[in-house]
Structure formats: structure tokens, C-alpha cells
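>>> Predicted model and sequence follow; I will ask about them next.
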Amino acid sequence: MRKINYSRLPAYMQDGMRRYIENGIPPGSFQTAVLSNDLMGAFRRADDVNRLAMLDYAMFLHNEAPCGCFGSPEHVKDWIAQGGLAGLLA
């Protein structure tokens, strides 16, 4: 399995996304909205840096994130329940 490159995301947001993807640890409300495909919710919860990084989040999800971990609230819930990549590979 190839290594996921989190560097496209703002530095202070990378650990939360890493914990979510790799171990299924729920992220904060902004990242949950992004992962759930809730555009309006994501913009409501975004700080100034994340608001400007929305295209970077989309590119990260498209190019780096496992396809089962984003796209709808159900995908996010299931990803957390399985324990992320660690649970998928166990």
C-alpha cells in the first residue's frame, strides 16, 4: 500500500486527518463536514485558512484518501466503525 501524502492540507489539520484515515478516530466538525460531502457545513465551520484550502481538501480526497473514507455521512460513520485503515487491514 502506498503512503498517503497529507502535505496538501494545512499543517495543523494533518494530524486529525491522519488519525481519521489511519485509525478511524473521528475528526473535528469541519473535517467531518468535508469528508461527509457537506459543502455548506464545511464552509460554516471553516476558519480563514481552511476556507482558502477547500480546493486542496478536494484534491487531497481525490488523489490521496482511500475511496471508502469519504463522500457521505454514512461512509464516514462506517469508516470510524471499522477503525480506519488499521481496521480494514486487520
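Yep, it's here.
>>> which intervals of this protein have sub-threshold pLDDT?
Applying pLDDT under 70 to the chain flags residues 1.
>>> where do the helices sit along it?
Along the chain, the segments classed as helices by DSSP state H run 11-23, 29-35, 39-45, 48-52, 54-63, 73-82, 84-89.
>>> Now do the buried residues in the shortest one.
Using 16 or more other C-beta atoms under 10 Å as the test for burial, helix 48-52 gives residue 50. (C-beta placed from N, C-alpha, C; glycine too.)
>>> For it, give me every contacting residue.
With C-beta atoms under 8 Å, 6 or more residues apart in numbering as the test, helix 48-52 has contacts from 10, 12-13, 30, 43, 57.
>>> of all the residues you listed, which two lie farthest apart?
Largest separation among the contacts of helix 48-52 by C-beta to C-beta: 12 and 43, giving 18.4 Å.
>>> quick one, which of those two is more surrounded?
Between residue 12 and residue 43, counted using other C-beta atoms under 10 Å, residue 43 has the larger neighbour count: 14 against 10.
>>> close enough to count as contact, that one and residue 34?
No: applying C-beta atoms under 8 Å, one finds residue 43 not in contact with residue 34, separated by 9.8 Å.
>>> okay, and the common contacts of those two?
Both residue 43 and residue 34 are in contact with residue 54, where contact means C-beta under 8 Å, 6+ apart.
>>> ok so, going back, could the helices of the chain go into CSV alongside distance to residue 5?
Listed next are the helices of the chain as CSV, based on distance: least, C-beta to C-beta, whole Å:
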stretch, distance to residue 5
helix 11-23, 10
helix 29-35, 17
helix 39-45, 21
helix 48-52, 18
helix 54-63, 8
helix 73-82, 19
helix 84-89, 15
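>>> Let me know which of the ones you listed is tucked in deepest.
Greatest average neighbour count among the helices of the chain goes to helix 29-35 (a mean of 21), per mean count of other C-beta atoms under 10 Å.
>>> pull the CA atoms of that helix into PDB?
What follows is helix 29-35 as a C-alpha-only set of coordinates in PDB (Å, rounded to 0.1, in the frame of the first residue of the first chain):
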ATOM      1  CA  SER A  29     -16.600  19.100  12.900                       C
ATOM      2  CA  PHE A  30     -15.000  20.900   9.900                       C
ATOM      3  CA  GLN A  31     -13.200  17.800   8.600                       C
ATOM      4  CA  THR A  32     -16.300  15.700   9.300                       C
ATOM      5  CA  ALA A  33     -18.300  18.100   7.100                       C
ATOM      6  CA  VAL A  34     -15.600  17.900   4.400                       C
ATOM      7  CA  LEU A  35     -15.400  14.100   4.500                       C
END
